Structures are given as C-alpha cells and as structure tokens.
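# only geometry, no sequence info:
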Ligand SMILES: O=C(O)C(=O)C[C@]1(C(=O)O)C=C[C@@H](O)C=C1
C-alpha cells in the first residue's frame, strides 16, 4: 500500500469511527425513549407490539431510505431487528410490572 493510500484509509476510518459513535449515542437515546414507552404500555396494559404503528414506520422509513440513497431491504431488516429488541424489552417490563 502506498503511503497516500494508507493516509486515505486512515482518514476514512476516522470518519467511520465518528459515524459509529453517533449511531451508538442515537440508539441509546432511542432505547431510553422506548423504555419509557414500555413502562407506559405496562402501566396501561397495552400490548408490547403495535403492528399498525410498525407498518406506518416502515412506510415512512421507505421514503427516508429512498431519499437518503439507503438500500430498503437493509433498512427494513435493521428496523425489524431493532423493533424486535424493543418488543422483547417491553415484554420484560410488563412481566416485572405484573410481579409487583
Ligand atoms: O410506538 C410504540 O408503540 C412502541 O412500542 C415503539 C416501537 C418502536 O420501537 O418504534 C416498538 C414496538 C411497537 O410494535 C412499535 C414501535
């Protein structure tokens, strides 16, 4: 590898590290928010999962992904994985509430 290529790789990796840090902080903030939703749902006996809301979110994300030039299949898979984690956490909160 030339020293120019090494320098370019280093600059790109620094950008990647910054983006990863932003993603981690954004995800943590999203989970803090969904944690509040989980407590609200448990207290009001709402189901952990809301398929109608998820369908709306996927439609919205489809438009955002198109505009941003992000692959829709990846976007949907990532969203499905993320919401699956949220629903699992909602269910844990609901069980903890029932045990009180
Ligand atoms: O909005 C809700 O009702 C949530 O529980 C949050 C959330 C999400 O992570 O965006 C998670 C589960 C639901 O099925 C829909 C959306």
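That came through fine. A quick note: this is a predicted structure, and the numbers were derived from the prediction, not measured.

# select the longest helix from this protein.
helix 3-43 (DSSP state H).

# and it, anywhere near the ligand?
Yes. Contact of helix 3-43 with the ligand (Cβ under 6 Å from any ligand atom) involves 34, 37. Using the backbone N, CA and C atoms, a C-beta is placed for each residue, glycine as well.

# averaged pLDDT, the following helix or strand past that helix. What do you get?
Going down the chain from helix 3-43, the next helix or strand is helix 51-68, by DSSP states H and E. The predicted model gives helix 51-68 an average pLDDT of 98.

# picking up where we left off before, for the longest helix of the chain, packing partners?
Secondary-structure packing of helix 3-43 (3 or more Cβ pairs under 8 Å, 6 or more residues apart in numbering; DSSP states H and E): helix 72-99.

# in the helix it packs on, what's buried?
Within helix 72-99, the residues scored as buried using 16 or more other Cβ atoms under 10 Å are 75, 79, 83, 86-87, 89-91, 93-94.
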